[in-house]
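Trainee: Fold the following.
(one chain, ligands or ions: 1)
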Amino acid sequence: MIDFRSDTVTKPTKPMLTAMMSAKVGDDVFGEDGTVKTLEEKTAALFGMEAGLFCPSGTMSNQIAIKCFTQPLDEVIADQTAHVYRYEGGGIMFNSAASVRLLNGDRGIITAEMIEKEINPVGNVHHPHTSLVVLENTVNRGGGSCYFLRDIAPIYNLCKLKNLKLHLDGARIFNALAYTKDAAKDYGKYFDGISVCLSKGLGAPVGSVLLGSNETIKYARRIRKVLGGGMRQAGFLAAAGIFALDHHVERLAIDHRHAKLLEECLLSLPFVKQVLPVQTNIVIFELNELKDAEHLLIELKGNGILCGTFGVQTIRFVTHLDVDQEQIMQTIAVLKSL
Ligand SMILES: *Cc1c(COP(=O)(O)O)cnc(C)c1O
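Mentor: The predicted structure follows:
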């Protein structure tokens, strides 16, 4: 099977497994796992932030960040496509007792002007207190669309002015960096928190790192424990993350090329209405009246290809480490034959 359902489906490579098997470990809840510490410090340094916290999932690292940056009855501003809102099970309400104000960005990309209009007046008892803005880069439901740092700077300035925290859901931040050519190191200046996934395009089996100031991460460590996310000999998993950072970042450009090849093919097909312009490793396309998504999914599956639907007429392909060029060519041949 050629599996385009998500970039989470990758399995550890042999050299990654070797790195995992030879990791030095200890009890990380006691602060004694050197490999976890190395991963946390390495990721923080990469993004120009003070400290990091290894978490079991991106959902947990986002939810911890939101807990750190809000009080009950606060409000979070995010785009309506945001993973923190749509795909984290309503966790903002459950974990942080906060509400969410949703914006209609362009493919999930929101601007300082849009945010400013939705900040509630301070001190008026009618309104929840706006305290946090969450951005996503790349935007999953936006079809892997990217913020450039020049788009983020005005949002950062607004947040400073209005006394709001700014968090980045960077599940695919390295895909964004590959596209924008912005420097990871510059990100730390703009965000109070950054969640970096190791188990998406980077190909590690498990884990995300939450980045922030020393003070934020100290509190985040406490919240992680409360959520049951304190892991013992987690160095085996952290070693996969370190390996991924060292060996699987450069190659993301390959996934992006593969996504472009799929886009080019899809644009030529009679049953495709439109394709969201491909910037990174996500290809979202809409079908016209000639086919519906459920049928296409079955046809593709019959030809050894898996993908996901994003609505009745919409399909998503995600390219990753476990799909090579030959499989892309095979997929293109199948698509053309349908
Ligand atoms: C996958 C993903 C996450 C984290 O998901 P987990 O499965 O919990 O690791 C967060 N944000 C975005 C945009 C994602 O795509």
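Trainee: Buried residues in the helix or strand hosting F94, which are they?
Mentor: Take DSSP states H and E as the rule and F94 turns out to sit in helix 91-96. For helix 91-96, the neighbour count (16 or more other CB atoms under 10 Å) marks G91, I92, N95, S96 as buried. Bear in mind the C-beta positions are built from the backbone N, C-alpha and C, glycine included.
Trainee: Now distance to the ligand and pLDDT too, for those, in TSV please.
Mentor: Formatted as TSV, the buried residues of helix 91-96 follow (distance: CB to the nearest ligand atom, whole Å; pLDDT from 0 to 100):
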residue	distance to the ligand	pLDDT
G91	10	98
I92	13	98
N95	13	98
S96	16	98
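Trainee: Do a quick rundown of the strands in the protein.
Mentor: In the chain, the strands defined using DSSP state E lie at 2-3, 51-55, 74-79, 99-103, 129-136, 165-170, 193-197, 208-212, 272-275, 282-287, 305-306, 308-309, 314-318.
Trainee: so the fifth one versus strand 74-79, what angle?
Mentor: This points to strand 129-136. Angle of strand 129-136 versus strand 74-79, following axes from the mean of the first three to the mean of the last three CA atoms, to 10 degrees, is 30 degrees.
Trainee: touching the ligand at all, strand 129-136?
Mentor: Yes - residues of strand 129-136 contacting the ligand under CB under 6 Å from any ligand atom: E136.
Trainee: hmm, who's touching that strand?
Mentor: Strand 129-136 is contacted from outside by 62, 66, 69-71, 73-79, 81-84, 98, 101, 108, 110, 115, 118-120, 122, 147, 152, 155, 159, 162, 164-169, 171, using CB atoms under 8 Å, 6 or more residues apart in numbering.
Trainee: Same question for stretch 213-224.
Mentor: Here stretch 213-224 makes contact (CB under 8 Å, 6+ apart) with 49-53, 55, 60, 64-65, 67-68, 192-193, 210-212, 230.
Trainee: Restrict those to the buried ones and give me that as a PyMOL selection.
Mentor: Per 16+ other CB under 10 Å, the buried members of these correspond to this PyMOL selection:
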select buried, resi 49+51+52+53+55+60+64+65+67+68+192+193+210+211+212+230
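Trainee: Return the list of helices and strands in contact with the helix holding F94.
Mentor: Helix 91-96 is packed against helix 58-69, strand 74-79, helix 83-86, strand 99-103, with contacts defined by 3 or more CB pairs under 8 Å, 6 or more residues apart in numbering; DSSP states H and E.
Trainee: Now do that helix: distance to the chain's middle.
Mentor: 19 Å (CA atoms, centre = their mean, to the nearest Å).
Trainee: May I have that helix exported as PDB, CA atoms only?
Mentor: Extracted C-alpha coordinates of helix 91-96, given in PDB (Å, rounded to 0.1, in the frame of the first residue of the first chain):
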ATOM      1  CA  GLY A  91      -9.500  20.200  24.900                       C
ATOM      2  CA  ILE A  92      -9.300  24.000  25.300                       C
ATOM      3  CA  MET A  93     -12.600  24.000  27.100                       C
ATOM      4  CA  PHE A  94     -11.800  20.900  29.100                       C
ATOM      5  CA  ASN A  95      -8.200  21.600  30.100                       C
ATOM      6  CA  SER A  96      -8.200  25.400  30.300                       C
END
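Trainee: Tell me, what's the model's pLDDT at the closest residue to the ligand within the stretch 1-150 of the chain?
Mentor: Relative to the ligand, the nearest point of the stretch 1-150 of the chain is G58 (2.4 Å; CB to the nearest ligand atom). G58 carries a pLDDT value of 98.
Trainee: So it sits against A204, correct?
Mentor: No - between G58 and A204 no contact is recorded; they are 11.6 Å apart, counting by CB atoms under 8 Å.
Trainee: sorry, back to before: show me what contacts the residue of the stretch 1-150 of the chain closest to the ligand?
Mentor: Contact analysis of G58 by CB under 8 Å, 6+ apart lists H83, D169, A171, S195, C197, S199, K200, S208.
Trainee: orientation of the helix of greatest length in the chain relative to strand 282-287 in degrees?
Mentor: Of all the elements of type helix in the chain, the one with the most residues (DSSP state H) is helix 252-267. Going by the same axes, to 10 degrees, helix 252-267 is angled at 10 degrees with respect to strand 282-287.
Trainee: Show me what helix 252-267 packs onto, helices and strands only.
Mentor: Counting by 3+ CB pairs under 8 Å, 6+ apart, helix 252-267 packs on helix 173-180, strand 272-275, strand 282-287, helix 325-337.
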